[in-house]
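Participant: what follows is a protein structure lacking sequence information:
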């Protein structure tokens, strides 16, 4: 890792402070940038996410995707955590902390709305940002792409029923335009652009030229990540300053949920004998959230100034620093993880 990458956590916190300060000092500018959206998908943020993930997608050879079946254990674990554990564990944590322990400290008329926002946040597994986390853990890129694509397909049919069940609603208004546009902007188009660029570079300069290009683009991904943070925290600077206690209380169940689900996915992969390069992204996919969809759904159901909308925004605020901490844990524990997993075998049954 470069010196810049080693101190990424420091840059993240500096960007958080800068974003809050700039959002408070120049609210008109951030309102203008925030308004540049289509179907509640912010276009400047979409451009920055492109800059984050295209260098990582350039590493993926689609011809090698046929090997992803080798990691069926990791895919099974991630699907189990994302769809059978995560929304329900968040509902339980929401009811425990917001509906009981912290209830006297919160506005009484917003309690149910806060819980609803937490449930909506947990029911939408992360998509684009996962490529960043996977890259930082040296994760298997073909597994990551396949898992994200599978989650997107499931989300189309499972998001509304799960949220409706946990909220006790007979129906839920899914912001389909946001869902479809987000998948197209954050997954489909970047994949197409990256693969076209990859083929052209390989055709003209071979693997050496591709490696040189990836070396040049690598810092761009991290810079785009930091710029995204400044924007996201700038958008919410006023709320952070005016409602710090409520935001801190809402962050508690989100933090517990992230560490619980990432730890569960990580340990299950180890118990099943999956490789560390799959267990890392599996844990991160199992813990992170598709906050664009969650915020849009909360606003559609409960309104812009509702407790539900605020709860999903808190998820946005803590997503990057918390996921970076999970990345750190995954990387630091690689030796421990691999001591509990049998080494891979060759076709003749001997270890390489």
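Facilitator: Done, it's in. From a predicted model like this one, the values you see are computed outputs, not experimental measurements.
Participant: quick one: the strands in the chain, in order.
Facilitator: With DSSP state E as the criterion, the chain has strands at 37-38, 41-42.
Participant: among those strands, show the one with the smallest mean pLDDT.
Facilitator: Here the lowest mean pLDDT among the strands of the chain goes to strand 41-42, at a mean of 74.
Participant: relative to residue 302, how far out is the nearest residue to residue 233 once chain neighbours are set aside?
Facilitator: In this structure, residue 233 finds its nearest non-sequential neighbour in residue 19, 2.8 Å apart by CB to CB, 6 or more residues apart in numbering. Every residue, glycine included, has its C-beta placed from N, CA and C. For residue 19, the distance to residue 302 equals 25 Å [CB to CB, to the nearest Å].
Participant: now swap in residue 235 and tell me
Facilitator: According to CB to CB, residue 235 stands 19 Å off from residue 302.
Participant: next one: residue 242
Facilitator: To residue 302, residue 242 is 19 Å away according to CB to CB.
Participant: tell me which of the two has more neighbours.
Facilitator: residue 302 (21 against 10; other CB atoms under 10 Å).
Participant: quick one, what contacts the more buried one?
Facilitator: Applying CB atoms under 8 Å, 6 or more residues apart in numbering to residue 302 gives the contacts 113, 116, 117, 308, 309.
Participant: quick check on the residues you listed: which are buried?
Facilitator: When neighbours are counted using 16 or more other CB atoms under 10 Å, the contacts of residue 302 contain these buried positions: 113, 116, 117, 308, 309.
Participant: surely the fourth one meets residue 301?
Facilitator: Read it as residue 308. Yes - the criterion here is CB atoms under 8 Å, and residue 308 meets it with residue 301 at 6.7 Å.
Participant: grab the longest helix from the protein for me.
Facilitator: Secondary structure of the chain per DSSP state H: the longest helix is helix 189-235.
Participant: packing partners of that helix?
Facilitator: The elements that helix 189-235 packs onto, with contact taken as 3 or more CB pairs under 8 Å, 6 or more residues apart in numbering; DSSP states H and E, are helix 3-6, helix 8-25, helix 27-34, helix 43-57, helix 129-136, helix 307-332.
Participant: ok, 7 Å please
Facilitator: In terms of contacts (3 or more CB pairs under 7 Å, 6 or more residues apart in numbering; DSSP states H and E), helix 189-235 is packed against helix 3-6, helix 8-25, helix 27-34, helix 43-57, helix 307-332.
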